[in-house]
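1. Provided below for reference: sequence and predicted model.
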Amino acid sequence: MSNRVAVVPGSFDPPTQGHIDVIRRAAGLFDELHVLVVHNPDKDAMLPIAQRLELLQESITEAGIGGNVVVGSWSVGLLVDYAEEVGASVLVKGIRSQGDVTYETPMAVVNNHLSGIETVFLLADPANSVVSSSLVRQVADLGGDVSPYVPGPVARYLEKAGPTDF
Ligand code: PNS
């Protein structure tokens, strides 16, 4: 039987409850899941990549998500090159709204043209439908409480860092 490998790519700046929910569900669908922190040049970063990796790993461990999840980062070349390198045939993305469909569709189509990879969309839990990293960044930056929207390790990190550290 073939090993089904998938990649969940994203900025994860910072990881949110929505990300962790999608990672948990995807980990149950595939034999091996690579959660990949990718630098998005279209967005102003809050956290360095190394910090996002650490927070993602801690959040996945704290959530008790199975041992088939590997956390990594990728900054050189196409996402599909990474997928090929680890033997993944599927990308997994979470969808909260029509806006997400509009944003994700061209990437899914182009990635398929580039390498034949399929993108599987998981519908977000309605509880997470308004949760985004950009909203969390904004609230954290202005000194607000982001703990309802992020995993424990992220909430603790942001609280300790304080609004002026970014
Ligand atoms: O969390 P984000 O910022 O919405 O994630 C976007 C991301 C990182 C998944 C997207 O920017 C991406 O896929 N980047 C990889 C670069 C690439 O391969 N581009 C060409 C095909 S779309």
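-> All right, it came through fine.
2. who touches the helix or strand where Leu53 lies?
-> Using DSSP states H and E, Leu53 sits within helix 49-62. With Cβ atoms under 8 Å, 6 or more residues apart in numbering as the test, helix 49-62 has contacts from 11-15, 19-20, 23, 35, 37, 39, 47, 69, 71-73, 75, 151-154, 157. Every residue, glycine included, has its C-beta placed from N, CA and C.
3. Write the PyMOL selection for whichever of those are buried.
-> In PyMOL syntax, the buried subset of these is picked out as below (16 or more other Cβ atoms under 10 Å):
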select buried, resi 11+12+13+14+15+19+20+23+35+37+47+69+71+73+151+153+154+157
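4. Return the subset of the contacts of helix 49-62 lying in helices.
-> Judged by DSSP state H, the subset of the contacts of helix 49-62 located in helices is 19-20, 23, 152-154, 157.
5. Gly66 versus the residue nearest to Ser147 when sequence neighbours are not counted, what's the distance?
-> Nearest non-adjacent residue to Ser147, counting by Cβ to Cβ, 6 or more residues apart in numbering: Ala155, 4.1 Å away. Ala155 sits 23 Å away from Gly66, going by Cβ to Cβ, to the nearest Å.
6. neighbour count winner among the two?
-> Shown here are Ala155 and Gly66; by other Cβ atoms under 10 Å, Ala155 has more neighbours (20 against 10).
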